[in-house]
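Q: With the input below, show me the fold.
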Amino acid sequence: MFNILSIQDLKRTGFSKIKEMLKIDQEILLQERGKDAGVILDMDYYNHLRECELEMSLFKAKADIANGNYSTDVQEHIKSLDNV
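A: Numbers count the residues shown, from 1 in each chain. Now for the predicted structure:
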């Protein structure tokens, strides 16, 4: 569950409020006029999520290679990117 911080509160309290909230939770949901506007993540948590994303990409690439779903021809590869 996200801690919620309004943009107005952020303007009023500054970065000290963010530091305080990140001690409690790894994520802060920013809201502007009651609508979700962004997310602030603890740096360690962000790095963990990024590492998971990169590991998933590596897993998918290895699966593509194992299934023969790749090309060594540069022009063919560029053409395939146009279809994405």
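
Q: Touching stretch 59-67 from outside, list them.
A: Asn69, Tyr70 (CB atoms under 8 Å, 6 or more residues apart in numbering). Glycine gets a C-beta too; all of them are placed from N, C-alpha and C.

Q: Run through the residues that contact Gln26.
A: Leu41, Asp42, Asp44, Tyr45.

Q: and the second one, what does it touch?
A: Under the criterion of CB under 8 Å, 6+ apart, the contact partners of Asp42 comprise Leu22, Gln26, Glu27.

Q: Among those residues, name the ones in strands.
A: Residues of the contacts of Asp42 located in strands (DSSP state E): Glu27.

Q: Now tabulate the contacts of Asp42 in TSV and tack on pLDDT and distance to Ile65.
A: Output for the contacts of Asp42, formatted as TSV (pLDDT from 0 to 100; distance: CB to CB, whole Å):
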residue	pLDDT	distance to Ile65
Leu22	94	40
Gln26	94	34
Glu27	95	35
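
Q: can you pull out the helices in the protein?
A: With helices called from DSSP state H, the chain shows them at 7-13, 15-22, 43-66, 74-82.

Q: Just flag the most distant two among the contacts of Gln26.
A: Maximum pairwise distance in the contacts of Gln26, criterion CB to CB, is 9.0 Å, between Leu41 and Asp44.

Q: ok, the two, which is more surrounded?
A: More crowded of Leu41 and Asp44, by other CB atoms under 10 Å: Leu41, with 16 against 10.

Q: Okay, now the unreliable bits of this protein?
A: Where the chain drops to pLDDT under 70, the residues are 1, 84.

Q: one more time with 80
A: For the chain, the stretches with pLDDT under 80 are 1-2, 83-84.

Q: mind checking how far the residue located most distally from the centre of the chain is from Ser80?
A: Farthest-out residue of the chain from its mean C-alpha position, per CA atoms, centre = their mean: Asp73, at 31.5 Å. Distance, Asp73 to Ser80, by CB to CB, to the nearest Å: 10 Å.
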